[in-house]
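[1] Quick one, structure for this:
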Amino acid sequence: MKSRRYPDRATRRDVLQIGMGAALAGALFPTRVLPAEAMLARPIPSSGEALPVIGLGTSRVFDVGDDEAGRSACRAVLEALRAGGATLVDSSPMYRSAEEVAGDLAAELQLTDQLFWATKVWADGAAAGIEQMEDSMRLFDTQQIDLMQVHNLRDWQTHMPVLRDWKAEGRIRYIGITHFRAAAFDDLERVINATELDFVQLNYSIAEREAEERLLPLCADKGIATLINRPFARGALFAAVEGRQVPQWAAEFGAVSWGQFFLKFILSHPAATCLIPATRKARHMVDNVGAGFGPLPDQEQRRKMITFMQSL
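    Okay, the predicted model is just below:
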């Protein structure tokens, strides 16, 4: 089993020292300065393990196959992720070559044992699911997946007993379920109430706030960690603010970009454990990491953010 060499939390000094090359340092400074305190980390309720609040999604963006330019861009993203103190990389067999690309690049960068690997089973039937999970372990070059999730609840009744067996055997550390649409929240809620889970992955953003109504409170009540997908509503949030400057009052909670404005809104909900924005651009990864430092909006500021976005 892989060791855990990374610190639970990264300080500003760590950000500068953990594998950051000159190009990444230039991308980070002087455009923004990380505060001296550590990146925010939140506990996984089922274990107490601290997880940095910013991670990386690989859907679409890491599906570059053998393309050298694409792999070079993804490599820089992984360097920026780790340099910023983040660890979680989320993928799936559904994302075509993304698992292979992430695994290959992590090995090249000697980051395999430093990352928190989250992936999914996306198949019908136990045999097909087992084959997928074994493929994921091979592609990540690890004997233990940190988090295995049933993708979009596909055949979850079949896969969940297998996931529990693998967890008991130490082949996976945590188990969970995922979806990316609010229309599936009723189904997610039924599964949450029917079985024991470590993680639930779901969509939540300032534009898609349905998770606030039931699922985020339910996960908090049941001691389930959350991974937040679609934090930018598939780019719709950036389109909404195109040509506009970040409000000056956003500096009160340390948001110096629209990306940080949107991510800090999500992080200000205490039931949001880790956010997984997808990107193939290192400068965006650096900016995303920045949202994990400094203050977060309070309830009054959250309301102000919502009102501002609704006024556009």
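
[2] For the rest of this, base every contact and every neighbour count on C-alpha atoms.
    Noted.

[3] Quick check: pLDDT value at the residue nearest the centre of the chain.
    Against the mean C-alpha coordinate of the chain, by Cα atoms, centre = their mean, the closest residue is I276 at 2.4 Å. You'll see I276 listed with a pLDDT of 99.

[4] if I look at it, how far off is L227?
    Remark: distance between I276 and L227 (Cα to Cα, to the nearest Å) = 7 Å.

[5] Surely the residue nearest to the centre of the chain is in contact with A86?
    No: checked against Cα atoms under 8 Å, the pair I276 and A86 is beyond contact range at 10.5 Å.

[6] which residues are in contact with both of the two?
    I54, G55 (Cα atoms under 8 Å, 6 or more residues apart in numbering).

[7] can you pull the contacts of the residue nearest to the centre of the chain?
    Per Cα under 8 Å, 6+ apart, neighbours of I276: I54, G55, L56, G57, V89, D90, L227, I228, N229, R230, P231.

[8] Around V241, count how many other residues there are.
    13 (other Cα atoms under 10 Å).

[9] quick one: it and I175, what's the gap?
    V241 sits 37 Å away from I175, going by Cα to Cα.

[10] and if you look at A76?
    Using Cα to Cα, A76 is found at 29 Å from I175.

[11] could you give me the average pLDDT of stretch 234-250?
    The model assigns stretch 234-250 a mean pLDDT of 98.

[12] Tell me which residues of it come out buried.
    L237, V246, A250 (16 or more other Cα atoms under 10 Å).

[13] Could I get the full set of helices for the stretch 151-300 of the chain?
    156-169, 185-194, 215-222, 236-240, 258-267, 282-290, 299-310 (DSSP state H, counting those that start in this stretch).

[14] low-scoring pLDDT stretches of the stretch 1-150 of the chain, where are they?
    For the stretch 1-150 of the chain, residues meeting the criterion pLDDT under 70 lie at 1-37.

[15] Helices of that one, start to end?
    Using DSSP H, counting those that start in this stretch, helices in the stretch 1-150 of the chain cover 12-17, 22-28, 68-83, 98-108, 126-140.

[16] and the fourth one, how far from the chain's centre?
    The gap between the average C-alpha position of helix 98-108 and the chain average comes to 17 Å, counting by Cα atoms, centre = their mean, to the nearest Å.

[17] Then stretch 205-219?
    Counting by Cα atoms, centre = their mean, stretch 205-219 comes out at 16 Å from the chain centroid.

[18] And for stretch 175-184?
    Averaging C-alpha positions (Cα atoms, centre = their mean) puts stretch 175-184 14 Å from its chain's average.

[19] Alpha carbons of that stretch, as CSV, please.
    C-alpha atoms of stretch 175-184 as CSV (Å, rounded to 0.1, in the frame of the first residue of the first chain):
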residue,chain,number,x,y,z
ILE,A,175,-16.6,4.5,-1.0
GLY,A,176,-19.2,6.8,-2.4
ILE,A,177,-21.7,7.6,-5.1
THR,A,178,-21.9,10.4,-7.6
HIS,A,179,-24.2,12.4,-9.9
PHE,A,180,-24.0,15.7,-11.7
ARG,A,181,-27.6,16.8,-12.1
ALA,A,182,-30.1,18.1,-9.6
ALA,A,183,-32.7,16.0,-11.3
ALA,A,184,-31.0,13.0,-9.7
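
[20] Mind listing what's buried along it?
    Buried-residue list, stretch 175-184, by 16+ other Cα under 10 Å: I175, G176, I177, T178, H179, F180, A182.

[21] Mind checking which of those are in strands?
    Taking DSSP state E, the ones among the buried residues of stretch 175-184 that sit in strands are I175, G176, I177, T178.
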